[in-house]
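Asks: Take this sequence and fold it.
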Amino acid sequence: MKRILIALSLVGAIAGAAPPNIVVLFSDDAGYADFGFQAKGDPALAKLTPRLTALAREGIVFSNAYVSGAVCSPSRAGLFTGRYQQRFGHEKNIPPNYMKGGLPLSEKFIGDRLKPLGYATGLIGKWHLGYPVEYQPNRRGFDHFFGILQGARSYFPLKQQQPHQVFQLNGKATPEGGYTTDRIGDGACDFIRSHKEKPFFLFVAFTSPHGPLQPKPEDVKAIGKLGGPKRLNYAGLVKSLDDNCGKILDCLDKEGLAKNTLVVFSNDNGGQTLTGAINTPLRGHKGEVVEGGIRVPMAMRWPSVIPAGKSNDSPVITLDWLPTFVEAAGGKVEAEWKLDGLSLLPVLKDPAAALPARPLFWRTGGSKGPVAVREGDWKLVQLRGKKEGAKAELYHLKDDVSEAKNLAAEHPDKLKALEAKRKAWEAELVEPLW
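Replies: Below is the predicted model:
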């Protein structure tokens, strides 16, 4: 009840102003250490991300930020619905050209919640949540869609168009031409300019730096030398990502929208080390429930509300975005939505505030797959189905973010408590739909 009252009071405090625009800048497979605002980031990559670094310094950085899925499609499913995607079977990536369904039609999206509040809604870039028409963005809460349905495509024009890789505009294929990351950046600016007269929600889903490793030659030339060829090509993708995020931020400035626009930057899952990402100091990579697979960079800027130069170490998750956006827009989260996230508005207004204690959960591969629970600074990991076996691991993340020292034998009571919460959570889930 206390949390609800705090959230409502903040809504009241903000309600006197015009509802904010909301822009999400979402990268794909980027490394945890590959952005300049990260505390232990790679200095070489930090030089290539000046615009995202500036964005973070103008607002708040969440140092304990997570996604709900360790790979692309499940992560998006949780984010857009505000619910653990394992509740409705969206636990694995949708296979290419899978035409038997997608994210269940019974689930509501962020756009479905914001449109009744007067918002125009747009998605630019990657979808990856269903190929049949009824599962596509224009049927899932987005007024405007310019992007691709599949999880990735060539960064350069396709010699032969594929139906799920071609850039479509509201259901119709568009001609090939231009660099993929630039097309996404330009598409975002087009949406901003054409919808500036009313509040809008814009989700910009970059494919960069997801493979294939196809940077622009001029970006590689500008970078010079950086590790081996794979790391250099990956860095070229990151540079283009930052350039286009800057393009979108400049567009907000030019249109006079920056002050009352909540801009969010994050990544869809842990970095894919196979394509050159670096997750230092985290253990593991994309696809795993250890920190390197689920912890992500996250920063938010909202000049009229968020003080600049702040950070917060409360554990947060992308499930929190939907209730945050709804309350920022002046709406009310209804109990019947059965959300798993909570509003971050108290922290956005007062970055020193602490969020209520709660457990966070992850699972990949169904009831026999790896699972993890974090509550406070403690994390339970069970690598079921892996070579390591199903023996439980326990880590204290504040002292050991790299998950190097298993404390299970030393803290059996904490292990037992987290295990009980894991079992209760899994009892509410269903097996993967595909």
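
Asks: Just the CA atoms from stretch 226-245 would do, formatted as PDB, please.
Replies: Taking Å, rounded to 0.1, in the frame of the first residue of the first chain, the C-alpha atoms of stretch 226-245 are listed here in PDB:
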ATOM      1  CA  LEU A 226      41.200  -2.200 -32.000                       C
ATOM      2  CA  GLY A 227      41.900  -5.800 -31.000                       C
ATOM      3  CA  GLY A 228      41.400  -8.400 -33.700                       C
ATOM      4  CA  PRO A 229      39.200  -8.200 -36.800                       C
ATOM      5  CA  LYS A 230      36.100  -9.500 -34.900                       C
ATOM      6  CA  ARG A 231      36.400  -6.900 -32.200                       C
ATOM      7  CA  LEU A 232      37.100  -4.200 -34.700                       C
ATOM      8  CA  ASN A 233      34.000  -5.000 -36.800                       C
ATOM      9  CA  TYR A 234      31.900  -5.300 -33.700                       C
ATOM     10  CA  ALA A 235      33.200  -1.800 -32.600                       C
ATOM     11  CA  GLY A 236      32.200  -0.400 -36.000                       C
ATOM     12  CA  LEU A 237      28.600  -1.600 -35.300                       C
ATOM     13  CA  VAL A 238      28.700   0.100 -31.900                       C
ATOM     14  CA  LYS A 239      29.900   3.300 -33.400                       C
ATOM     15  CA  SER A 240      27.100   3.400 -35.800                       C
ATOM     16  CA  LEU A 241      24.600   2.600 -33.000                       C
ATOM     17  CA  ASP A 242      25.900   5.600 -31.000                       C
ATOM     18  CA  ASP A 243      25.900   7.900 -34.000                       C
ATOM     19  CA  ASN A 244      22.200   7.100 -34.700                       C
ATOM     20  CA  CYS A 245      21.200   7.400 -31.100                       C
END
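
Asks: Confirm residue 183 sits in a helix?
Replies: Yes. Judged by DSSP: H, G, I helix; E, B strand; the rest coil, residue 183 forms part of a helix.

Asks: Next up, the contacts around it.
Replies: For residue 183, the contact set (Cβ atoms under 8 Å, 6 or more residues apart in numbering) comprises residue 167. Every residue, glycine included, has its C-beta placed from N, CA and C.

Asks: Average pLDDT for the longest helix seen in the chain, rounded please.
Replies: The residue-count maximum for a helix in the chain (DSSP state H) belongs to helix 229-254. The pLDDT scores in helix 229-254 average 98.

Asks: what comes up buried for it?
Replies: For helix 229-254, burial by neighbour count (16 or more other Cβ atoms under 10 Å) applies to 231-249, 251-252.

Asks: ok, residue 251 - contacts?
Replies: Counting by Cβ under 8 Å, 6+ apart, residue 251 has contacts 188-189, 192-193.

Asks: Out of the residues you listed, list just those in helices.
Replies: 188-189, 192-193.

Asks: Thought residue 277 was touching residue 31, still the case?
Replies: Yes. Judged on Cβ atoms under 8 Å, residue 31 makes contact with residue 277 at a distance of 3.2 Å.

Asks: Which neighbours do the two have in common?
Replies: Counting by Cβ under 8 Å, 6+ apart, the contacts common to residue 31 and residue 277 are residue 271.
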